[in-house]
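Colleague: For reference, the sequence and a predicted model appear below.
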Amino acid sequence: MSTTRLLDFVAALSSVLIVCIVYTHINTKDCVEFKSISLQERAVIWMVNAVIFGIVLLISYKTLSDVWNRHRYQEENNELQSKIEILKKRLQEQINGNDDPTPTKDSKIEKNKEESEKKKEFQNDLRNALKNLRSPDVPDIEIPRPHKLKDEFVDLHEKEWTSALKSLKKTTQSEDMSIKMLLQTLRDIYSSCCKYSNDEKEEAMQSLLTHNTGDNVAKRKLNEQQMMAEVCKQQNKSTTRAIEEIKKSVFDRNPELVRNHHWTEYVERSVKICRSMSIQSKPMLLDFGPEQNANLNSTIFRTYKATGSKVNFVVWPAMILQENRELLSKGIVEPIERNIT
């Protein structure tokens, strides 16, 4: 406050001096002494006044600089002193909380080992909880339930898949090649959605670890419900972005098919369904079937056109609820046709 007042005083004084000097030399009629002197004498007086005024300003500047520097140094010293007091207080708290103020090397190693084990235990608990995604007490994200998704998945095959197949057959693809291409597209989308969802879980886990590690790790209990709510929150926020990014990656890998609007509609709806599957509270799986020449499992797959007991290729995956292996929707395979003699 004193520095500010001193600056205001010097500024006011300087302004008064300047006004007086300028007024004296310009309005000489009010100054009798100036009427009888020559221009040269006036010039000399101007120079003398300028020198005096410069000396006054220089002294004022020096004085103000010293005052300001002392003020600034005092503030820095006060700030450093407060930091020192805080550090002293923390050090005293650590000493008071430790029975042995000068721990030995072995005790330090033992303490670090104990802290490391507690941190690992915490991380394991968190990872185990993440495997279950969300506890029943945490409300589901606003996404379709498993049986509704099953209906959408069946509808996807009957509508968008069928339209895309007809469109591809009209271009350069045979029916078998078109079916395999559409299945591979769905497989890529499903894998991308699962990976995206797992990355979100890892991100949520790291966020929680950041806020729950440090001193006294053992005293912090893993709140599974809060962790599940955080996963829900992360996935809710990123659903739109996830769908757009996965669609773009599929389109970038298949530039020759992007102009086929039947295929793009098939991709867009497949991404939405697979994204919803990957963030369900009860994980849902797609079974893309056995390898070629494997035995046909009629409880999970039905045949497409041919009849036989050996698999030729998979047409459409089966949808399964992971928790109890409940079959929601049968898959479709084209078997190796039996030779009838």
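Modeller: Cool, got the structure. Treat the numbers as computed from the prediction; the structure is a model and nothing was measured.
Colleague: Excluding chain neighbours, give the residue nearest to residue 299 in space.
Modeller: Leaving out its chain neighbours, the residue that sits closest to residue 299 by Cβ to Cβ, 6 or more residues apart in numbering is residue 327, at 7.4 Å. Bear in mind the C-beta positions are built from the backbone N, C-alpha and C, glycine included.
Colleague: that's a helix at that neighbour, yeah?
Modeller: No - Residue 327 sits outside any helix when classified using DSSP: H, G, I helix; E, B strand; the rest coil, being strand.
Colleague: Just the pLDDT for it.
Modeller: pLDDT for residue 327: 93.
Colleague: count of neighbours near it?
Modeller: Residue 327: 14 surrounding residues under other Cβ atoms under 10 Å.
Colleague: Same check on residue 179?
Modeller: Residue 179: 22 neighbours (other Cβ under 10 Å).
Colleague: so it touches residue 315, yeah?
Modeller: Yes - between residue 179 and residue 315 there is a contact under Cβ atoms under 8 Å: 5.4 Å.
Colleague: so who does the residue nearest to residue 299 touch?
Modeller: 299, 300, 318, 319, 320, 321 (Cβ atoms under 8 Å, 6 or more residues apart in numbering).
Colleague: who's the last one bridged to?
Modeller: The residues listed as beta-bridge partners of residue 321 by DSSP bridges are residue 284, residue 326.
Colleague: returning to what we had before: specify which member of the contacts of residue 327 is nearest to residue 156.
Modeller: Of all these, residue 319 has the smallest distance to residue 156: 10.6 Å, by Cβ to Cβ.
Colleague: Now the closest one: which helix or strand?
Modeller: For residue 319, the element it lies in under DSSP states H and E is strand 318-321.
Colleague: just residue 293 next, same as before
Modeller: Applying DSSP H and E, one finds residue 293 in no helix or strand.
Colleague: For burial, what's the neighbour tally of the nearest residue to it once chain neighbours are set aside?
Modeller: Once flanking residues are discounted, residue 293 sits nearest to residue 310: 5.5 Å by Cβ to Cβ, 6+ apart. A total of 15 residues lie near residue 310 under the criterion other Cβ under 10 Å.
Colleague: Low-confidence regions, this protein specifically.
Modeller: When residues are selected by pLDDT under 70, those of the chain lie in 1-37, 61, 94-108, 111-112, 114-116, 118-144, 172, 208-229, 232, 338-341.
Colleague: Could you rerun that using 50?
Modeller: 1, 99-101, 132-141, 214-221, 341 (pLDDT under 50).
Colleague: can you give me the helices for it?
Modeller: Secondary structure of the chain, counting by DSSP state H: helices at 2-26, 32-35, 39-96, 105-131, 146-156, 162-170, 175-212, 224-253, 261-278.
Colleague: Packing partners of the fifth one?
Modeller: Read that as helix 146-156. helix 261-278, strand 318-321, strand 326-329 (3 or more Cβ pairs under 8 Å, 6 or more residues apart in numbering; DSSP states H and E).
Colleague: Make CSV out of the ones you listed and add distance to residue 289.
Modeller: Output for these, formatted as CSV (distance: least, Cβ to Cβ, whole Å):
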stretch, distance to residue 289
helix 261-278, 17
strand 318-321, 7
strand 326-329, 13
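Colleague: re the thing from before, the residue nearest to residue 299 and residue 257, how far apart?
Modeller: As defined by Cβ to Cβ, to the nearest Å, residue 327 lies at a distance of 31 Å from residue 257.
Colleague: that older thread, filter the contacts of residue 327 down to the buried ones, PyMOL style.
Modeller: In PyMOL, this line selects whichever of the contacts of residue 327 come out buried by 16 or more other Cβ atoms under 10 Å:
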select buried, resi 300+318+319+320+321
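Colleague: Of the contacts of residue 327, just say which sits nearest to residue 71.
Modeller: residue 321 (72.8 Å).
Colleague: In contact with residue 242: list those residues for me.
Modeller: With the criterion set at Cβ under 8 Å, 6+ apart, residue 242 makes contact with 193, 196, 275.
Colleague: sorry, back to before: any idea how far residue 286 is from the residue nearest to residue 293?
Modeller: The gap separating residue 310 from residue 286 is 22 Å, by Cβ to Cβ.
Colleague: do residue 171 as well
Modeller: Distance, residue 171 to residue 286, using Cβ to Cβ: 27 Å.
Colleague: okay, those two: which has more neighbours?
Modeller: The neighbour comparison of residue 171 against residue 286 (other Cβ under 10 Å) goes to residue 286, with 23 against 11.
Colleague: Could you find the closest non-adjacent residue to the more buried one?
Modeller: Excluding the flanking residues, the one nearest residue 286 by Cβ to Cβ, 6+ apart is residue 317, at 4.3 Å.
Colleague: What's the local residue count around that neighbour?
Modeller: Residues near residue 317, counting by other Cβ under 10 Å: 24.
Colleague: Understood, closing this out.
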